[in-house]
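**Q** just need the structure, nothing else, for what follows:
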Amino acid sequence: MRIKPFEALRPQKGTEQDVASVPYDVLNTVEAIELSKGNPKSFLHIVRPEIDLPLDTNIYSDAVYNKLAENFKSFIDNKTLVRESTSCLYVYKQKMGEHEQSGIVTCCNIEDYENDLILRHEKTRQDKEDDRTRHVETIKANTGPVFLTYKEQDAIDLVVAEIEKTEPLFDFVASDGIGHTVWKVENTSELVSLFEAVPVFYVADGHHRSAAAVRAGAQAKVNNPNHTGDEEYNWYEAVVFPANQLKILPYNRTVKDLNGLSIEEFMGKVKENFNIVDGASSEPASANSMSMYLDGKWYGLSWNDASEDDPVDALDVSYLTANLLAPILGVGDMRTTKRVDFVGGIRGTKELENRVDSGEWAVAFSMYEVSVDQMMAIADAGCIMPPKSTWFEPKLRSGLLVHSID
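**A** This is a model prediction of the structure:
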């Protein structure tokens, strides 16, 4: 795989904790307003610029992108972000409890994405992809790195371990308790060479950011009559992690109603395709099982092994959809239905209980997590996972390192 150092825009040392923000897509506008309150340096003013406009502003309106341009210029002018004088790579280590993962912050080539050397496992929503494309084009920058993974290489691990023995550029614990440490790598030739032995990258998290970055780069190429292939817009920012270090949490589901069924009728139909245990744990212990919260009580659902012929059909979320959500609850397209909501595992199963107990949702399903090997096998097969199948934690912080494409 091709990786490339870049001249990053970054916070001045000592201000990184004020600047760094959670990704744009893990919170809504109201949550972003609250999280950025009293902090003009928060990168949420860049990734969610609507927070500086009236609350009823359409998040896809011209006013939002105009505010984005204004905010980004202000971050540059007042030196909230400063530009590195040389092209570098970076090691980015995250710590969440006992879990640690270390990746390389770099740039990937848009042609490698177009030629399926950067493999995907999800489809994108057009409105979100359009938004992030316009976001990149408005400020000529990748503001949120894409989360990529690769099948681990011992030689790369050894180099990263040596870098981590040196003095970091940034080192802080965010308000959510997750540690973020960044080392600058100025001597980049060894890592660039070692990644040539990596056959493919996989998009772990950030399918919309990937598609948007590639679209913006491709359009810049069309707009440039003197295109050579050496321009910065041919590259986009990513953090690449070895697969054996990653942690996937479950992506749970809630459903608005029981499709006109009484609880007794619903349970009778569920028993046709599932083994049911009353009073089960809120978290399933293994694959081919899940926990269901209904009417103030947890039930354990299990079934025989799904077919291994299709790696997508073998997923628990696929079995749930094919044998309960679609035939019993009448749920249609999972990408567009408003009757289902997806709840990241980081929120815990108590969030599922609260939603159902509130009366706003009728039933919730606590899933067993998808493995990284399953995700890569699906991407290798050229298949697409059901929407919202994987929730990666910890999330990358935005604003620590920004890639300019002009």
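
**Q** and the helices in the stretch 1-150 of the chain?
**A** Remark: helices assigned in the stretch 1-150 of the chain by DSSP state H, counting those that start in this stretch are 16-19, 29-36, 44-47, 62-77, 110-114, 126-139.

**Q** could you say which of the ones you listed is packed most deeply?
**A** helix 44-47 (a mean of 25; mean count of other Cβ atoms under 10 Å). For the C-beta atoms, the positions are set from N, CA and C on the backbone; glycine is no exception.

**Q** which residues touch that one?
**A** Here helix 44-47 makes contact (Cβ atoms under 8 Å, 6 or more residues apart in numbering) with 21-24, 32, 35-36, 51-52, 68, 71-72, 75, 135, 139, 143-144, 398-399.

**Q** mind doing that once more with 7 Å?
**A** Helix 44-47 is contacted by residues 21, 24, 32, 35-36, 51-52, 68, 71-72, 75, 143-144, 398-399 when judged by Cβ atoms under 7 Å, 6 or more residues apart in numbering.

**Q** ok, stretch 107-126 next?
**A** Taking contacts as Cβ under 7 Å, 6+ apart, the residues outside stretch 107-126 that touch it are 1-4, 6, 148, 200-203, 207-208, 210-211, 214, 217-218, 234-238, 335, 375, 378-380, 384-385, 387, 403.

**Q** hmm, try it at 6 Å
**A** 2, 4, 6, 200-203, 207-208, 211, 214, 217, 234-235, 237-238, 375, 378-379, 384-385 (Cβ atoms under 6 Å, 6 or more residues apart in numbering).

**Q** what bridges to residue 238?
**A** Applying DSSP bridges to residue 238 gives these bridge partners: residue 106, residue 146.

**Q** returning to what we had before: for the contacts of helix 44-47, which one is nearest residue 185?
**A** Distance to residue 185 across those (Cβ to Cβ) is lowest for residue 399, with 19.5 Å.

**Q** apart from its neighbours in sequence, what residue is nearest that closest one?
**A** Among residues not flanking residue 399 along the chain, residue 43 sits closest, at 2.9 Å (Cβ to Cβ, 6 or more residues apart in numbering).

**Q** torsion angles phi and psi at that neighbour?
**A** phi -70, psi -10 (degrees, to the nearest 10).

**Q** now residue 260
**A** phi 80, psi 0.

**Q** ok, back up a step: in ChimeraX, how would I select the buried members of the contacts of stretch 107-126?
**A** If you want just the buried ones from the contacts of stretch 107-126 in ChimeraX, going by 16 or more other Cβ atoms under 10 Å, the selection is:
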select :2,4,6,200,201,202,203,207,208,211,214,217,234,235,237,238,375,378,379,385
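
**Q** now, the contacts of stretch 107-126 that are in helices?
**A** Using DSSP state H, the subset of the contacts of stretch 107-126 located in helices is 207-208, 211, 214, 217, 375, 378-379.

**Q** redo these as TSV? Include pLDDT and distance to residue 160.
**A** Shown next, in TSV, are these (pLDDT from 0 to 100; distance: Cβ to Cβ, whole Å):
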residue	pLDDT	distance to residue 160
207	93	25
208	93	28
211	96	28
214	96	27
217	97	27
375	94	22
378	94	27
379	95	24
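
**Q** and of these, the nearest to residue 99?
**A** residue 375 (17.4 Å).

**Q** in JSON lines: the ones in helices among the contacts of stretch 107-126, plus distance to residue 259.
**A** Listed next are these as JSON lines, based on distance: Cβ to Cβ, whole Å:
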{"residue": "207", "distance to residue 259": "30"}
{"residue": "208", "distance to residue 259": "31"}
{"residue": "211", "distance to residue 259": "34"}
{"residue": "214", "distance to residue 259": "40"}
{"residue": "217", "distance to residue 259": "45"}
{"residue": "375", "distance to residue 259": "31"}
{"residue": "378", "distance to residue 259": "29"}
{"residue": "379", "distance to residue 259": "33"}
